[in-house]
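S.K.: Starting from these lines, generate the structure:
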Amino acid sequence: MKRAFIAFLLTVMSVVTVSAQTTEISDVVLQNSVEESGTKLQLNGAGVRSKYFLSLYVGSLYLPGKSSDANKILYSNDMKMIQLDIISSLITAEKMEETVRAGFKNSLGGDTSSLQSEIDSFIAVFGEEVEVGDIFKFVTSGKELKAYKNGKLLTTVKGEEFQRALFGIWLGNKPADKKLKNLMLGV
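M.R.: Below is the predicted model:
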């Protein structure tokens, strides 16, 4: 009886420990902390990107320390990461490209000409079909941005202005989704 009780307690403790290390949003399990290039990042906030009442992806923001100041995050050279977990079959490579191009336009105040070659290089990330369960990660140290799909490095784009423009798609003055921005900022 005593062994059964101890086994039960250990099971409960391990479940509590695992749940304390993750956050679940719309059936997507997010790690509360990750390590990128030797830097520990913690989940700042996350939410679902919706359009016309359809859930499209879970967007999450990881930072070295919690912050709700979008401008501070955008202009910081600290390591940071945005992760997109695709949850809808309505998301296609073409739709992602179209949406990200529109996001850059909004992020850059309508004029993308100063970063057009970087944007074109980055858009190649969406060259292959996008499926439910795909995970895109955009990781930057401020000087360069690395884009991953399902753990595979697809491209590296240099430049502080580019990484600000990319993160501005979600955190800028004209974000893709204001509700998602607030959730990613933890407000």
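
S.K.: Asn106: neighbouring residues, count only.
M.R.: Per other Cβ atoms under 10 Å, the neighbour tally for Asn106 reads 17. Every C-beta, even on glycine, is put in place using the N, C-alpha and C of the backbone.

S.K.: Likewise for Ala102?
M.R.: 12.

S.K.: how about it, secondary structure?
M.R.: helix (DSSP: H, G, I helix; E, B strand; the rest coil).

S.K.: residues touching it, list them.
M.R.: Counting by Cβ atoms under 8 Å, 6 or more residues apart in numbering, Ala102 touches no other residue.

S.K.: Next, work out how far apart it and Thr22 are.
M.R.: Per Cβ to Cβ, to the nearest Å, Ala102 is found 32 Å from Thr22.

S.K.: With Ser89 instead?
M.R.: Ser89 is 25 Å from Thr22, where distance means Cβ to Cβ.

S.K.: Report the residue spans of the chain with pLDDT below the cut-off.
M.R.: Residue ranges of the chain with pLDDT under 70: 1-20.

S.K.: for the longest strand seen in it, the distance to its chain's centre please.
M.R.: For the chain, the strand with the greatest residue count under DSSP state E is strand 39-51. Its chain's C-alpha centre and that of strand 39-51 lie 6 Å apart, by Cα atoms, centre = their mean, to the nearest Å.

S.K.: Relative to the whole chain's centre, how far out is the next helix or strand along the chain from it?
M.R.: Going down the chain from strand 39-51, the next helix or strand is strand 54-63, by DSSP states H and E. Chain-centre distance of strand 54-63: 6 Å, with Cα atoms, centre = their mean.

S.K.: For strand 54-63, which strands pair with it and how are they oriented?
M.R.: Strand 54-63 pairs in its sheet with strand 39-51 (antiparallel), strand 80-86 (antiparallel), by DSSP bridges.

S.K.: among these, which is nearest Lys149?
M.R.: strand 80-86 (9.7 Å; Cβ to Cβ).

S.K.: export the longest strand of the chain as PDB, just CAs?
M.R.: What follows is strand 39-51, C-alpha atoms only, in PDB (Å, rounded to 0.1, in the frame of the first residue of the first chain):
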ATOM      1  CA  THR A  39      20.600  31.900 -24.700                       C
ATOM      2  CA  LYS A  40      17.700  30.900 -22.500                       C
ATOM      3  CA  LEU A  41      14.500  32.500 -23.800                       C
ATOM      4  CA  GLN A  42      11.200  32.400 -21.900                       C
ATOM      5  CA  LEU A  43       7.700  32.500 -23.300                       C
ATOM      6  CA  ASN A  44       6.600  36.100 -23.100                       C
ATOM      7  CA  GLY A  45       3.100  35.500 -24.500                       C
ATOM      8  CA  ALA A  46       1.200  33.600 -27.100                       C
ATOM      9  CA  GLY A  47      -2.200  33.500 -28.800                       C
ATOM     10  CA  VAL A  48      -4.200  32.400 -31.800                       C
ATOM     11  CA  ARG A  49      -4.100  34.400 -35.000                       C
ATOM     12  CA  SER A  50      -7.700  34.500 -36.300                       C
ATOM     13  CA  LYS A  51      -9.300  36.000 -39.300                       C
END
